[in-house]
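Asks: fold the following, please.
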Amino acid sequence: MNCENMAQTTVNSVKVAVEGMTCGSCVQNIEQHIGELPGVFHIQVSLELKQAAVVFDSSMQSPESLAEAIEDMGFESSLPDFVTAELVPTETRVFPIAGLSPKCQQQALSTVSQLKGVLEASDDTSEDGLSITFIPSVTDSKQISQVLHDLTLAGKENSAALREPVRSPTSEELVKMRIDGMVCLSCTTTIEGKIGKLNGIRKIKVVLDSQEATVLYQPHLITVNEIINQINLAGFKAQVKSKPRPLRLSVNEVERLRNPTTANLTSPAVTISDTSTEEIATALLWVTGMHCQSCVTNIQDNITCLLGVRSVEVSLEQESTSIQYDPHLISIKQLQQAIEALPPGNFKVRVDRGSSPVPQVLPAPPLQSPTPRFLQPLSAVTVIRIEGMTCGSCVQSIEGMLSQHKGVKSAKVSLSSHSGTFEYDPLVTTPEELRTAVEDMGFDAFLPETNSLVTTPQPDTPSSPESASVKEKEVEQEPVAVQGGQGGAQAISKCFIQIGGMTCASCVANIERNLKNEDGVYSVLVALMASKAEVRYNPGLIDPASIAECIRELGFKASVIENYDGSDGSLELVHTGIHQMYVNTQIRGMTCASCVHKIESNLMKASGIVYASVALATNKAHIKYEPEVTGPRDVIRLIENLGFEASLVKKDRSASHLDHSREIRQWRKSFLISLVFCVPVMGMMIYMMIVDHHVNMEHHLNASRDDIERYHATMFLERQLLPGLSIMNLLSFLFCVPVQFIGGRYFYIQAYKAVKHKTANMDVLIVLATTIAFTYSLVILLVAMIEGARINPITFFDTPPMLFVFISLGRWLEQIAKSKTSEALSKLMSLQATEATIVTLNDDMSVRSEEQVDVELVQRGDVVKVVPGGKFPVDGRVIEGHSMADESLIT
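Replies: Purely as a prediction, here's the structure:
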C-alpha cells in the first residue's frame, strides 16, 4: 500500500548565472564542489546556457550562499533580478520490502539513503516497508522500487548465485571502455582524476597505449551511460568495449553445485561429508576463441572455482583444457557450459570423444567457495631496485610515502639488498608510477625486466603429484628471477658529461633522443643552464668516454667530468710511504709488489670493502666500500695500521666547466666578421630603396617600370662591367662570400652534424635559408652573364649577411647571459663547506675530543660540531644544543 504526504524539509530550486566556464571540466568541477555542500540535493550545470540549476534545503543554504560558493571557485556568478527560489515538491511513499531479513533491511536503508534525490528513509513497521521521502524531479518512485526489488531478490535464501546476474545494490561491476582522443599521459591523468571522483566509482585505470579504460563501479549509484557522458564532457569519446558476465547455469545445476550434500547422487558409494577420499576423473576439452595468456588465466581461475573441479590446465598453443573433476558433483556438459559462459563469451568448447574420463581415488580437499577472479580485487607484486638509501630513515620514508600512494596495498623496503617489494592494485596504479614516486623522493629507482601479476595468494592443496612438482619448480625459480633482476639493476652506473654548444630546448631534446638510442644507455637527463648531462648506463656495453664521443658527433662539445658507481662509495687514496723505514722514499721508485698485495688483501678482508686496487706506478689506491658498514676514515686508519701512510686525493672543486669565455669570444668574432661585410651591403640596399622612392615621388607615385629601369641605367651602381654583371651585384657577391663561409662556419659545422644524425635544429634552418639565397643569386647572375643580359638580374646577396649578423648577435648575447648565471653558480659552489669538526662524545654527551677533517671524510654515524656563524658541512640531525649557521648558500 502506498501513501503520500509532504515532507517536512523545505526544498527549493534556483538558477544561478555562471560566467567563466570554458569546457566540460569546469562543469564537472562546479557540480562536484557544489554538490558536496551541506543541504544541496542536486545540481545540474549547463555550459551552453551558462547557468547552474541547484536543488537545495532552504534551511541550510540560500541562493546568495550558493552564488558565493561558485564565485569562491573562481567563476563569476549572479542571480537574475526579481527571481526568488522556487519551491520544489517532495513526495513520501512506503515501499514494501516483504521477505527481507533485518540485516538486509538495514542494508536497504543505507543503500536507498545514498541515492540522488532521497531526503529521508526510515522503517515503517505498520506497513512492513520503508518510508522514503524523495524529490520526484531528481529521482522517481520507479527507480527506488527497482533498487528495492533487486535487493529483495538478492536477499532471498537459496538464490542462484551463478545464474544471470542479479544486481545487488551493494555489488560492484567491471566495465572496459574504448576511449578515443587521448594523446599523452596528461589525458589519462585527467580522465582518472575526474571519473575517479564521481560517486559510485570505486577504481579506474586508463591505459594510453591501448586507448582503454577499466572501471570498477557501483551500478546502484552510477550507470555506464553516466560514466560515458562524464568522459565525453572531459573532451574525449568513450564507448563500452566489454563487460564481464557470470556463468549461466540452470537452477537445478546451480542448486547441485552449491548444495552438494542435498543433491541426489546416483552413486551411493560416494559421499562428500563422511569420507576423506573422492573419485576424480580427467577430461580433455578443446577450446577455441583463446587469443592470449589473459584468456588462459580467465578459464583457469573461474573453472577452478566450481565445486567438484580439482585442477585446470589450459594450453593456448594446443587450444585444449585438461580438467580433473569429481563426476558425482559436476559433469562434462556442465564444464562445457561454464567455459562457454565465461566473458567475453567467445569461447567454444568441443568434448574429446576419443578419450573417456578415467576415475582416480584421491584425498578430498577441504571444501571452498572462492570468488571468481574477475570479481576479486586484483593484486600485483613488483620489485623495484632503489639506489641512494643510506640508513633506516630512508627505508621508513620510502615505506611511509609509498604506503599512502594510491593503489598500494603494502610496501617493504630492504636497505641491504637496495630493493623494495610493493603489492598494488593494477587497476589503480602501475609499476612505472611507483618507480616515479620513489624517484620523486630523491632516490634512483629501476624496474626489473618483468613483474608478476598475481592474485591474492590462497592456501591450496596440490591436486596431483604432477601439479605439486610444477608448483615446487615455480617456487624454486622465483628467487632466481628476483636475483637476476637485481643483478641487472646493479650493473647500472652513472656519469656526468659537460656539454657545450647547447642553445635551446631543441638541443636538449636532440641529445637525449640520440643518446637513448645507444646500446647500454638507460636514461639521459640534460640541464641546459648548467650545460651538464646525467647519464645512467651499463658499463659492460658502453663507457663515459664513448658517451661523450656520441655527443660530440651530434655537433656539441662534450667531456666527462665525474663518474658515479652505483650505491657503493668510491675512495681514491695517495700513499706517501710504503713502510715506515721508507717514509722519505718516492713511491714511484719501488718495484716490490708484495706491499701492494698486503694492502689489497687486508683491505678485502675488512668489513664493508667491496673492491680495492693499488697501483705502484701512480701511488694510488682505488677502493670501493659500503657506506652503511664503513667509511673513508676507517679505510685510511686500516692502511695506517698496516704501517703505511695515506691521504685522500683532493677532488677538483673548480668551476671551470661553468666558464663560457671561449663561447663568448667565438660568437663575438663571428658577429664582428659578419658585421664588417654586412654594413656595406645594407648601405647599398638602403641607397637603392631611397632612389626608388625618389623616382616615384618625381612621377607623383605613377612611375612605371620602364621609368625606373631608365633611371637605374644612369646610376653608378647599376652600370655593367660585363654584360649581365653590374657593379652592385659584384660588390654584393664579394661582401657576401666572407660572411657565408667565414662568419657562418660555426652554423655550417653544427648543421652538418645534425643532418648527419638525421635531425634538424635551428642551425639547419639558418644554413638552409642562407645557402638557398646565396646559391640562387649566384646561379641567376651566371645565367645573366652567359646570356649577356642588358637588364641586371635581381639577386639576394644581402640576405645571408643580414641573417648571420643578427643571429650571431643573439648567440653572443646568449652566451654573455649564460656566463653571468654560471658566475653566480660558481660563487655558490665556493660557499660550500670544505672541512668539518668531528667530535667524540662521552656518555653524558660531553665532548671528549675534536678533530678537524675534510668534509669528504665525514661518514655515517659521525657527530659534527657546528659553531655559531659556521656552515653545515653535511646533512644530518640535530641531537643537542642550538647554534646560528651560515646559510648564505641557500639565500
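
Asks: from here on, just use CA atoms for contacts and neighbour counts.
Replies: Fine.

Asks: state which helix of the chain is the longest.
Replies: Determined from DSSP state H, the single longest helix within the chain is helix 661-698.

Asks: and residue 74, that's in a helix?
Replies: No. Using DSSP: H, G, I helix; E, B strand; the rest coil, the secondary structure at residue 74 is coil, not a helix.

Asks: domain parsing for this protein?
Replies: In terms of domains, the chain is parsed into 11-87, 91-155, 173-242, 251-261+274-375, 388-450, 491-564, 569-650, 681-822 (source: automatic domain parsing).

Asks: residue ranges with poor pLDDT in the stretch 751-891 of the chain?
Replies: Within the stretch 751-891 of the chain, the segments meeting pLDDT under 70 span 829-830, 886-891.

Asks: show me the strands in it, by range?
Replies: In the stretch 751-891 of the chain, the strands defined using DSSP state E, counting those that start in this stretch lie at 835-841, 847-854, 863-865.

Asks: just to revisit the earlier point, from the contact counts, what lies against the longest helix of the chain?
Replies: Applying 3 or more C-alpha pairs under 8 Å, 6 or more residues apart in numbering; DSSP states H and E, one finds that helix 661-698 contacts helix 705-713, helix 727-738, helix 799-830.

Asks: 10 Å instead, please
Replies: helix 705-713, helix 727-738, helix 745-756, helix 799-830 (3 or more C-alpha pairs under 10 Å, 6 or more residues apart in numbering; DSSP states H and E).

Asks: may I see the buried residues of the third one?
Replies: What that stands for is helix 745-756. 746-748, 750-754 (16 or more other C-alpha atoms under 10 Å).

Asks: so where does residue 515 fall, helix or strand?
Replies: helix 505-516 (DSSP states H and E).

Asks: kindly report the same for residue 287.
Replies: Residue 287 belongs to strand 277-288, assigned by DSSP H and E.

Asks: what lines up beside that strand in the sheet?
Replies: strand 320-325 (antiparallel), strand 348-351 (antiparallel), strand 360-363 (antiparallel) (DSSP bridges).

Asks: how about the ones you listed in TSV, adding mean pLDDT and mean neighbour count?
Replies: Listed next are the strands paired with strand 277-288 as TSV, based on pLDDT from 0 to 100; neighbours: other C-alpha atoms under 10 Å:
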stretch	mean pLDDT	mean neighbour count
strand 320-325	87	22
strand 348-351	84	17
strand 360-363	47	13
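
Asks: which stretches of the stretch 451-600 of the chain form helices?
Replies: For the stretch 451-600 of the chain, helices defined by DSSP state H, counting those that start in this stretch occupy the ranges 465-490, 505-516, 544-553, 594-605.

Asks: average model confidence for the third one?
Replies: Along helix 544-553, the predicted confidence averages to a pLDDT of 86.

Asks: over to the last one?
Replies: Averaging pLDDT along helix 594-605 yields 74.

Asks: what is that helix packed up against?
Replies: Using 3+ C-alpha pairs under 10 Å, 6+ apart: helix 594-605 touches strand 609-615, strand 620-625, helix 632-641.

Asks: that older thread, which one of the strands of the stretch 751-891 of the chain lies nearest to residue 421?
Replies: Nearest to residue 421, of all these, is strand 863-865, at 32.9 Å by C-alpha to C-alpha.

Asks: re earlier: which one of the helices and strands packed on helix 594-605 is the most hemmed in?
Replies: strand 620-625 (a mean of 21; mean count of other C-alpha atoms under 10 Å).

Asks: alpha carbons only: can I get the helix holding residue 515 in CSV?
Replies: Extracted C-alpha coordinates of helix 505-516, given in CSV (Å, rounded to 0.1, in the frame of the first residue of the first chain):
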residue,chain,number,x,y,z
ALA,A,505,65.4,23.1,-25.6
SER,A,506,65.7,21.6,-29.1
CYS,A,507,69.4,20.9,-28.5
VAL,A,508,68.5,19.2,-25.2
ALA,A,509,65.8,17.0,-26.9
ASN,A,510,68.3,16.2,-29.7
ILE,A,511,70.9,14.9,-27.2
GLU,A,512,68.5,13.0,-25.1
ARG,A,513,66.8,11.3,-28.0
ASN,A,514,70.0,10.2,-29.7
LEU,A,515,71.8,9.0,-26.6
LYS,A,516,68.8,6.9,-25.6
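
Asks: which one of the strands of the stretch 751-891 of the chain is the most hemmed in?
Replies: strand 863-865 (a mean of 21).

Asks: pairing partners for that one, with directions?
Replies: strand 835-841 (antiparallel).

Asks: surely residue 614 meets residue 624?
Replies: No. Contact between residue 614 and residue 624 fails when scored by C-alpha atoms under 10 Å: they sit 11.8 Å apart.

Asks: for stretch 771-780, list every residue counted as buried.
Replies: Buried-residue list, stretch 771-780, by 16+ other C-alpha under 10 Å: 771, 773-774, 777-778.

Asks: that should have said stretch 420-437, apologies.
Replies: Within stretch 420-437, judged by 16+ other C-alpha under 10 Å, the buried ones are 420-431, 434-435, 437.

Asks: out of the residues you listed, which sit inside strands?
Replies: 420-424 (DSSP state E).

Asks: what's the span of stretch 87-104, first residue to last?
Replies: 35 Å (C-alpha to C-alpha, to the nearest Å).

Asks: quick one: average pLDDT of it?
Replies: Average pLDDT, stretch 87-104: 73.

Asks: before we move on, what about stretch 67-84?
Replies: 80.

Asks: and it, how far apart are its ends?
Replies: So stretch 67-84: terminal residues 13 Å apart, C-alpha to C-alpha.

Asks: so how far is that stretch off the chain centroid?
Replies: 39 Å (C-alpha atoms, centre = their mean, to the nearest Å).

Asks: in stretch 675-689, what's buried?
Replies: Neighbour-count burial for stretch 675-689 flags 675, 677-679, 681-682, 684, 688 (criterion: 16+ other C-alpha under 10 Å).

Asks: about what we covered before: next, format the strands paired with strand 277-288 as a markdown table and append distance to residue 837.
Replies: Below are the strands paired with strand 277-288 laid out as a markdown table (distance: least, C-alpha to C-alpha, whole Å):
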| stretch | distance to residue 837 |
| --- | --- |
| strand 320-325 | 72 |
| strand 348-351 | 78 |
| strand 360-363 | 72 |
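
Asks: closest one to residue 834 among the ones you listed?
Replies: From those, taking C-alpha to C-alpha, the stretch that ends up closest is strand 320-325, at 70.5 Å.

Asks: can you name the element that comes right after that closest one?
Replies: Assigned by DSSP H and E, the successor of strand 320-325 is helix 332-340.

Asks: that following helix versus strand 277-288: what angle between them?
Replies: Interaxial angle of helix 332-340 relative to strand 277-288 (axes from the mean of the first three to the mean of the last three C-alpha atoms, to 10 degrees): 50 degrees.

Asks: which strands or helices does helix 332-340 pack on?
Replies: Helices and strands touching helix 332-340, as assessed by 3+ C-alpha pairs under 10 Å, 6+ apart, comprise strand 277-288, helix 293-304, strand 320-325, strand 348-351.
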